[in-house]
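Participant: how would this look folded up:
(chains A and B)
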Amino acid sequence: MIRFEGVTKMYGGNVGLLDATIKIEKGDFVFLVGPSGAGKSTLIKLILKEIEPDEGAIYVNGREITHLSNREIPPLRRSIGMVFQDFRLLPNKTVYENVAFAMEVVHSTKRAIRRQIPQVLSIMGISDKADKFPAELSAGEQQRVAIARALINNPMMLIADEPTGNLDPDTAWEIMKLINQINRRGTTVLMVTHAKDIVDRMGKRVVAIDKGRIVRDAWGGEYGYDD
Amino acid sequence: MIRGLKYALTQAFVQVFRNKGMSLASIFSITAMLLILGLFFFVTVNINIATESAKQQFNTIEVYLLEETSRDDADIITQSLLSMDEIAGVTYVSKEEAMEHFKDRWGDKAYLLEGLAENPLPNSLRVELTSLEDGQLIYEACRNLIGVEDVRYYQEEVKKILTITDFIQQGALIIILFLIIVSVVVVSNTVKLTVMARQREIMIMKYVGATNWFIRGPLLAEGMMIGCISAGIYLGLIWMIYSRMVELFSNQALLLFSTSFVEVGFMMRNLIWIFIALGMSIGAFGSILSMRRFLNA
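Facilitator: Next up, the predicted model:
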């Protein structure tokens, strides 16, 4: 699904990622942990091809992506659903339109859009918010919209960058249950987090990064350090 | 293609209304720019026409013929004058016609002329110049013709008029250039503001996997729509302002330049498409400028 082979990324003299090798299989649920500035964001930006590695090879869905042309980047990103700490919803579009946008991007028909969006909104438990704008929603509801948007095109993989960072513990746990459900249905999940209690409670594979190096990769792992 | 166009247009339409603040700011600045340019354009057109018509009044030379010069001789002179490039036309004015004009000009005092035993006015040729600048040359040439008694030409007046009109036209050009620079600064500042507002939106769209054209289309349509709305508002305003100006100053202008304002309807018909095109280009240009920085990331 995703494979890093000896990937190094430097920012000037600073280490982003150092000789990282990691393999994520289809259907995996992986927590990516580590202190701020350790290289978690660098790893995700490399997968999305926001930045280029200095050395090494990166495979997504079996395809080497370090040499993709600019035209091939949008299709790559469509194959990966993204969820962020700050939700990143389009402020001038309603909930329905935000999710629809992801389908319009892949040129879905109007009919397909009308059929699928109510379904996904109902799975996320926000059917009644379809005509609201993001600013009118609670943080938890906004994150559900973001997840709905990430999943609407059935991506192989969901990458979540601290998805619970802006949520209170109860809401965070609700969102985690949703993401776990999604994973059970076969979607690979890679989640960056600082939430010790969530990592410990879920008991999934944990990859720890520190100073650009992958220092631990364990199944059923724990958060493992104190912030 | 058609679907893409329809998508861009509907999106643009919805977004213009949803981004009320930003749309209003953009519309305001583009309208203001068009208004500054347009008002001055109107003034310049009128000044130009006034100066040109002022020149017109001085671009004839009256050539008075001797009493013994016959109509045939006059025709020969006419032919030789017409062969010169600097001369646009020559009209023969008989002494009878000259008297008619004279009477017309005297109006209700024309009866005073009835007392004249015989017509004292000479036959004459009215020579029209192609360009006012050649006046002196033609004046000299006419004076040397055989059968000519005298030549009347307002040398000093022409010189003055030429200096004044040149000054006015050059001044207008400088002010227009200055106004264009001011307008560009105003619009580019508004664009900078929209860029800030758009930055995040464009980034999000790219995360979702939108291609550059998918993002560009609606934003471009939005910019053009804003430009079009601005042009519409501008045309409404300029129509009101100009009609009022014509209403208020028409008589003064007639006295001052002995020409009236260019007619409102004529001005509008000629300007509508120019200014709608101008407004839309400004809007499109602004959109492209604001997108370029964030799309290539």
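Participant: from here on, contacts and neighbour counts on C-alpha atoms
Facilitator: Fine.
Participant: residues touching the nearest residue in space to B:Ser94 that is not next to it in sequence, list them.
Facilitator: Nearest-residue entry for B:Ser94: B:Asn123, 4.6 Å, with adjacent residues in sequence omitted and distances by Cα to Cα, 6 or more residues apart in numbering or on different chains. Counting by Cα atoms under 8 Å, 6 or more residues apart in numbering or on different chains, B:Asn123 touches B:64-67, B:92-95, B:98.
Participant: Now do the same for B:Asn123: its pLDDT.
Facilitator: You'll see B:Asn123 listed with a pLDDT of 85.
Participant: Check the gap between it and B:His101 for me.
Facilitator: B:Asn123 sits 13 Å away from B:His101, going by Cα to Cα, to the nearest Å.
Participant: again, but for A:Gly220
Facilitator: A:Gly220 is 113 Å from B:His101, by Cα to Cα.
Participant: and chain A, which residues reach chain B?
Facilitator: Residues of chain A lying near chain B by Cα under 8 Å from any Cα of the partner chain: A:50, A:71, A:73-78, A:81-82, A:88-92, A:102, A:105-106, A:150.
Participant: let's see it at 6 Å
Facilitator: Residues of chain A lying near chain B by Cα under 6 Å from any Cα of the partner chain: A:74, A:77-78, A:105.
Participant: circling back: and the contacts of B:Asn123, which of them are in strands?
Facilitator: For those, the ones inside strands are B:64-65, B:92-93, with DSSP state E as the criterion.
Participant: Tell me the one among those residues nearest to A:Arg205.
Facilitator: Using Cα to Cα, B:Tyr92 is the member of these that lies nearest A:Arg205, at 108.2 Å.
Participant: now the closest one, nearest residue through space, not along the chain?
Facilitator: B:Leu125 is the one closest to B:Tyr92 (Cα to Cα, 6+ apart), at 4.6 Å.
Participant: how many neighbours does the residue in the stretch 1-150 of chain B positioned nearest to chain A have?
Facilitator: As assessed by Cα to the nearest Cα, chain A sits closest to B:Arg18 within the stretch 1-150 of chain B, at 6.3 Å. Neighbourhood size, B:Arg18 [other Cα atoms under 10 Å in any protein chain shown]: 14.
Participant: next one: B:Cys142
Facilitator: Neighbourhood size, B:Cys142 [other Cα under 10 Å]: 21.
Participant: Likewise for the one 3 residues further on?
Facilitator: Burial of B:Leu145 is recorded as 15 neighbouring residues (other Cα under 10 Å).
Participant: go on, the one 5 residues further on?
Facilitator: B:Asp150 has 17 neighbours, counted by other Cα under 10 Å.
Participant: Quick check: what element follows the helix or strand harbouring it along the chain?
Facilitator: Here B:Asp150, judged by DSSP states H and E, is contained in strand B:148-152. Elements were assigned by DSSP H and E; along the chain past strand B:148-152, the next helix or strand is helix B:155-208.
Participant: tilt between the helix or strand hosting the residue nearest to B:Tyr92 and strand B:148-152?
Facilitator: Per DSSP H and E, B:Leu125 falls inside strand B:124-129. Relative orientation of strand B:124-129 and strand B:148-152, computed by axes from the mean of the first three to the mean of the last three Cα atoms, to 10 degrees: 50 degrees.
Participant: Point out the other helices and strands that strand B:124-129 packs with.
Facilitator: With contacts defined as 3 or more Cα pairs under 6 Å, 6 or more residues apart in numbering or on different chains; DSSP states H and E, strand B:124-129 has these neighbours: strand B:60-65, strand B:87-93.
Participant: That one pairs with which strands?
Facilitator: Partners of strand B:124-129 in the sheet, by DSSP bridges, are strand B:60-65 (antiparallel), strand B:87-93 (antiparallel).
Participant: Return the alpha-carbon coordinates of it using PDB.
Facilitator: Written as PDB, here are the backbone C-alpha positions of strand B:124-129 (Å, rounded to 0.1, in the frame of the first residue of the first chain):
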ATOM      1  CA  SER B 124     -14.200  84.800 -54.000                       C
ATOM      2  CA  LEU B 125     -12.800  81.300 -53.600                       C
ATOM      3  CA  ARG B 126     -13.100  79.500 -50.200                       C
ATOM      4  CA  VAL B 127     -10.100  77.300 -49.800                       C
ATOM      5  CA  GLU B 128     -10.300  74.500 -47.200                       C
ATOM      6  CA  LEU B 129      -7.100  73.200 -45.800                       C
END
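Participant: Please point out which parts of the following helix or strand past that strand sit buried.
Facilitator: For strand B:124-129, the succeeding helix or strand toward the C-terminus, using DSSP H and E, is helix B:135-143. Neighbour-count burial for helix B:135-143 flags B:135, B:138-139, B:142-143 (criterion: 16 or more other Cα atoms under 10 Å in any protein chain shown).
Participant: what's the angle between helix B:135-143 and strand B:60-65?
Facilitator: Using the same axes, to 10 degrees: helix B:135-143 against strand B:60-65 is 10 degrees.
Participant: got the CA coordinates for helix B:135-143 in PDB?
Facilitator: Below are the C-alpha coordinates for helix B:135-143, written out as PDB (Å, rounded to 0.1, in the frame of the first residue of the first chain):
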ATOM      1  CA  GLY B 135      -2.000  77.400 -43.500                       C
ATOM      2  CA  GLN B 136       1.000  79.700 -43.900                       C
ATOM      3  CA  LEU B 137       2.200  77.900 -46.900                       C
ATOM      4  CA  ILE B 138      -1.100  78.000 -48.800                       C
ATOM      5  CA  TYR B 139      -1.600  81.600 -47.800                       C
ATOM      6  CA  GLU B 140       1.700  82.500 -49.500                       C
ATOM      7  CA  ALA B 141       0.800  80.400 -52.600                       C
ATOM      8  CA  CYS B 142      -2.600  82.000 -53.000                       C
ATOM      9  CA  ARG B 143      -1.300  85.500 -52.800                       C
END
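Participant: pLDDT on that helix, on average?
Facilitator: Per-region confidence: helix B:135-143 scores 79 on mean pLDDT.
Participant: How about stretch B:227-245?
Facilitator: Stretch B:227-245 comes out at a mean pLDDT of 87.
Participant: which of the contacts of B:Asn123 has the most neighbours?
Facilitator: Within those, neighbour counts (other Cα under 10 Å) peak at B:Leu65, which reaches 24 neighbours.
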